[in-house]
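Q: Quick one: sequence plus predicted model below, questions after.
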Amino acid sequence: MGRLHHLPLNASGSPARTVMANPRIPYRFSTSAPPLPPLNGKRILVHLVVNVEHWQFDRAMPRTIITPPHGQGSIPDVPNFSWADYGMRAGLPRILDLFRARGLPASTSFNAGVIDAYPQAAEAMLRAGWEFIGHGLHQKAIQNTDGDAEAEMIAAALDKIAGFTGARPRGWLSPGLRESERTPDLLKAQGVDYVCDWVVDDVPNWMTTAHGPLVAMPYNLEINDSIIYAIERHATGEMEKRLRHTLALFEAECTRSPRVLALGLHPHLISVPHRMHELVNMVDALAASPEVAFVTGSQICDWFTTAASPES
């Protein structure tokens, strides 16, 4: 007879339900999951995610580089708006040119408002063949949205992107990665296949929602120019250093099971003149690894859902 596991009992005398720390993704060591197969012979799947955002001129800026004099904020916030606007004018073309020259696929985490606010940018990414990932209408957090407004915003963002690209987005990244308690349920109800907000592992995981399983796609907070340069305020070179250390570890770990390496990029941060060389160095270092394949979010999602059932 096998060993009996003595579970805690509830008031009725029956086993009490175990409450996992994560309400959406059952807990286990990443190394305990069944190994995933390579994707076309490659074991490190690099996902380049360019966050292309609409910061509204007549609203408070979602992040700042210059604090206001005497602590008195103002609208319009010209210097901080210009910080992001520079990225859309000068930074984004540099990224497009680099990825085109290297033949690299990419995804854009895309505020649907960009279609109207920055039409040349939207058209250029569409021509480049980038995958469009839903990222709200504007760069504004959604977790405090009241009533049905969140569901309406998600639907409006996905519909607007679908009307522009001809394909409804399969992926979602919430502005600021902020969600309400029901965001995954709303996304699944809208037909979204994967969400990048739950940065809990180096491989995809299945999430539970009220409408069926949803894929939690690896993103990255540690190799993300917004975290490194806008929040932690490191000197140029820190992102490349972290990328090289991560790549070295993944090359050792991927012999057991593949890894997903996502780079979060913002045109007003990584592709300013004193950092653009860093992005060049990072993609070239990745391309030099025999284990690396550059892929889109949908390619990772299809690979994972083919290899791992929600019950595995």
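A: Great, that's in hand.
Q: continuing past the helix or strand Phe99 falls within, what's the next helix or strand?
A: Under the criterion of DSSP states H and E, Phe99 resides in helix 92-102. Next in sequence after helix 92-102, counting helices and strands by DSSP H and E, comes strand 107-110.
Q: Show residues contacting that next one.
A: Contacts to strand 107-110, defined as Cβ atoms under 8 Å, 6 or more residues apart in numbering, come from residues 47-52, 122, 125, 130-135, 161, 169, 171, 173, 196, 296-297. Placement of C-beta: from N, CA and C, glycine included.
Q: And stretch 107-117, how far out from the chain middle?
A: 14 Å (Cα atoms, centre = their mean, to the nearest Å).
Q: Check the model's average confidence along that stretch for me.
A: Averaged over stretch 107-117, pLDDT sits at 96.
Q: May I see the buried residues of it?
A: 107-115, 117 (16 or more other Cβ atoms under 10 Å).
Q: Repeat that for stretch 124-131.
A: Quick answer for stretch 124-131 (16+ other Cβ under 10 Å): 125, 128, 130-131.
Q: Now do the strand ranked longest in the chain and helix 92-102, the angle between them.
A: Longest strand in the chain by number of residues (criterion: DSSP state E): strand 44-52. Strand 44-52 runs at 150 degrees relative to helix 92-102, counting by axes from the mean of the first three to the mean of the last three Cα atoms, to 10 degrees.
Q: quick one on the thing from earlier: please pick the buried ones from the contacts of strand 107-110.
A: 47-52, 122, 125, 130-135, 161, 169, 171, 173, 196, 296-297.
Q: quick one: which of the residues you listed sit in helices?
A: Cross-referencing the buried ones among the contacts of strand 107-110 against helices under DSSP state H gives 122, 125, 161, 297.
Q: could I get these as CSV with pLDDT?
A: As requested, these are exported to CSV (pLDDT from 0 to 100):
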residue, pLDDT
Ala122, 98
Met125, 98
Ile161, 98
Gly297, 98
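Q: Now for the residues you listed: which two are most distant?
A: Ala122 and Gly297 (18.0 Å; Cβ to Cβ).
Q: residue ranges with poor pLDDT in this structure?
A: 1-18, 70, 143-147, 312 (pLDDT under 70).
Q: how about the strands in it?
A: Here the chain has its strands, by DSSP E, at 44-52, 107-110, 131-134, 171-172, 194-195, 205-207, 214-216, 259-265, 292-295.
Q: Dump those to CSV, plus distance to Ala230.
A: Listed next are the strands of the chain as CSV, based on distance: least, Cβ to Cβ, whole Å:
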stretch, distance to Ala230
strand 44-52, 11
strand 107-110, 15
strand 131-134, 20
strand 171-172, 22
strand 194-195, 23
strand 205-207, 28
strand 214-216, 25
strand 259-265, 11
strand 292-295, 25
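Q: Who are the contact partners of Gly297?
A: 47, 49, 107, 131, 133, 170-171, 194, 196, 217.
Q: Next: Pro169.
A: By Cβ under 8 Å, 6+ apart, Pro169 lies in contact with 110, 132-134, 158, 161-162, 192.
Q: For the closest residue to Asn22 other than its chain neighbours, give me its contacts.
A: Among residues not flanking Asn22 along the chain, Val200 sits closest, at 6.9 Å (Cβ to Cβ, 6 or more residues apart in numbering). Taking Cβ under 8 Å, 6+ apart, we find Val200 in contact with 22, 25, 216.
Q: In the helix holding Phe99, which residues are buried?
A: So for helix 92-102, counting by 16+ other Cβ under 10 Å, buried means 92, 94-96, 98-99.
Q: just checking, what packs against it?
A: Secondary-structure packing of helix 92-102 (3 or more Cβ pairs under 8 Å, 6 or more residues apart in numbering; DSSP states H and E): strand 44-52, helix 119-128, helix 276-287.
Q: which other residues reach that helix?
A: 48, 50, 52, 104-106, 121, 124-125, 128, 265, 267, 270-271, 276, 279-280, 283-284, 287.
Q: Can you say which of these are buried?
A: 48, 50, 52, 104-106, 121, 125, 128, 265, 267, 270-271, 276, 279-280, 283.
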